[in-house]
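K.L.:
fold the following.
(one chain, ligands or ions: 1)
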Amino acid sequence: MMIVCHTVDELRNKIKQVCKAGASIGLVPTMGALHEGHAALIKAAVENNDFVVVTIFVNPTQFGPTEDLDSYPRTLDADLSLAKQLGASLVFAPSAQAMYPSEEMTWVEVTGNLTKVLCGSSRPTHFRGVATIVSKLFNLVKPTRAYFGQKDAQQVQVLKRMVKDLFFDVELVIMPIIREADGLAKSSRNAYLSKEERQAALVLGRSLEKAQEQFKQGERKAKAFIDFVSGEIAKERLAKIDYVAVYQLPDLKQPSAIINGQSLLAVAVYFGQTRLIDNCILEER
Ligand code: PAF
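P.N.:
Below is the predicted model of the structure:
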């Protein structure tokens, strides 16, 4: 039996019982419109924890004023049946009022490079919204482990920083990017794409894969990867680049001209109104 909670009190009461029983708790925070990427997170959580909480909340504070908050896909019934099928113990699907009860509110903000570059530059308040809601969820659910996807590579680094800085007693488990058979990274926003835009968007996975191949062949110039991927994307008439960039991991500092250590090659590209992100890690194996 999967429990569904909509209020903070219901969730807290249940988590109290689970903690009392000494069970390990896996948390999978999502904004719903669940796809195979989320399914992989839920499956991993079910395998490794006694009790799994999936949260479904389209978090308003991580959307900018001109972004897609209102049109973001909401598919609660389908999400509940997928979560149940995958073995989740509890779904928490609160209202915005439940999570943000007052106009005066407390923010959790990771400052510096980590939130200034890449998506932080075009979405300046996004990571403050993410860090705030994830902190609230950590405090409510008290997870042993929390699961996130590598597709949101910058979010991963921001949350790692936050967990360290605020001494959250949780293990972050980062799962690899899940792709469609043709290479498109799974995303709830893929649902917005027209047939032509979706076809054009394949350039992202394709060019990142080729870049990784070039890295394996010995290419190490950061600019060469940026030029190559930008060039491939620019060939697509329907694509408009937000960024194509290489940064060092884990701190997202500018790499030296010649990459060494682990680096992130990340892209954000508009296809029509839809902004997609994708990335790969460049590292010596
Ligand atoms: O990755 C997401 O879907 C969201 O940013 C998250 C972590 C659920 C916070 O709203």
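K.L.:
ranges for the strands of this structure?
P.N.:
Ranges of strands in the chain, per DSSP state E, are 3-5, 25-30, 51-56, 90-92, 145-149, 171-175, 239-248, 263-271, 274-282.
K.L.:
so which of the ones you listed comes closest to the ligand?
P.N.:
The ligand lies closest, by C-beta to the nearest ligand atom, to one member of those: strand 25-30, at 3.9 Å. To be clear about C-beta, it is placed using only N, CA and C from the backbone, and glycine gets the same treatment.
K.L.:
report the angle between the closest one and strand 171-175.
P.N.:
50 degrees (axes from the mean of the first three to the mean of the last three C-alpha atoms, to 10 degrees).
K.L.:
the ligand contacts on this structure?
P.N.:
Pro29, Thr30, Met31, Asn59, Gln62, Val130, Ile133, Val134, Asp152, Gln155 (C-beta under 6 Å from any ligand atom).
K.L.:
on that earlier part again, tabulate the strands of the chain in a markdown table, adding columns for mean pLDDT and mean neighbour count.
P.N.:
As requested, these are exported to a markdown table (pLDDT from 0 to 100; neighbours: other C-beta atoms under 10 Å):
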| stretch | mean pLDDT | mean neighbour count |
| --- | --- | --- |
| strand 3-5 | 98 | 17 |
| strand 25-30 | 99 | 26 |
| strand 51-56 | 98 | 27 |
| strand 90-92 | 99 | 24 |
| strand 145-149 | 99 | 22 |
| strand 171-175 | 98 | 17 |
| strand 239-248 | 98 | 19 |
| strand 263-271 | 98 | 22 |
| strand 274-282 | 97 | 21 |
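K.L.:
contact partners for Asp50?
P.N.:
Val18, Ala23, Ser24, Ile25 (C-beta atoms under 8 Å, 6 or more residues apart in numbering).
K.L.:
mind running it again at 7 Å?
P.N.:
Going by C-beta atoms under 7 Å, 6 or more residues apart in numbering, Asp50 touches Ala23, Ser24.
K.L.:
cool, and Lys20?
P.N.:
By C-beta under 7 Å, 6+ apart, Lys20 has no neighbours at all.
K.L.:
Leu27 too?
P.N.:
Val53, Leu137, Val141, Pro143, Ala146 are the contacts of Leu27 under C-beta under 7 Å, 6+ apart.
K.L.:
which one of these sits closest to Pro101?
P.N.:
Distance to Pro101 across the contacts of Leu27 (C-beta to C-beta) is lowest for Leu137, with 15.1 Å.
K.L.:
these two touch, right, that closest one and Thr55?
P.N.:
Yes - between Leu137 and Thr55 a contact is recorded at 5.7 Å, counting by C-beta atoms under 7 Å.
K.L.:
okay, and the common contacts of these two?
P.N.:
With C-beta under 7 Å, 6+ apart as the test, Leu137 and Thr55 both reach Pro29.
K.L.:
widest-spaced pair of the contacts of Leu27?
P.N.:
Val53 and Ala146 (9.5 Å).
K.L.:
before we move on, the earlier item: let's have the contacts of Leu27 in TSV, adding distance to Ala96.
P.N.:
Formatted as TSV, the contacts of Leu27 follow (distance: C-beta to C-beta, whole Å):
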residue	distance to Ala96
Val53	19
Leu137	14
Val141	18
Pro143	22
Ala146	21
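K.L.:
give me the residue from the stretch 151-285 of the chain nearest the ligand.
P.N.:
Closest point on the stretch 151-285 of the chain to the ligand, by C-beta to the nearest ligand atom, is Asp152, at 5.0 Å.
K.L.:
that residue: neighbouring residues, count only.
P.N.:
19 (other C-beta atoms under 10 Å).
K.L.:
report pLDDT for it.
P.N.:
Note for Asp152: predicted pLDDT of 98.
K.L.:
likewise for the one 3 residues further on?
P.N.:
What the model reports for Gln155 is a pLDDT of 98.
K.L.:
how near is it to Leu172?
P.N.:
11 Å (C-beta to C-beta, to the nearest Å).
K.L.:
need the overlap of contacts for the two.
P.N.:
By C-beta under 7 Å, 6+ apart, the residues touching both Gln155 and Leu172 are Phe148.
K.L.:
quick check: the spatially closest residue to Phe138 that is not a sequence neighbour vs Ala98, distance?
P.N.:
Spatial nearest neighbour of Phe138, excluding adjacent residues (C-beta to C-beta, 6 or more residues apart in numbering): Phe168 at 5.3 Å. Distance of Phe168 to Ala98, given as C-beta to C-beta: 21 Å.
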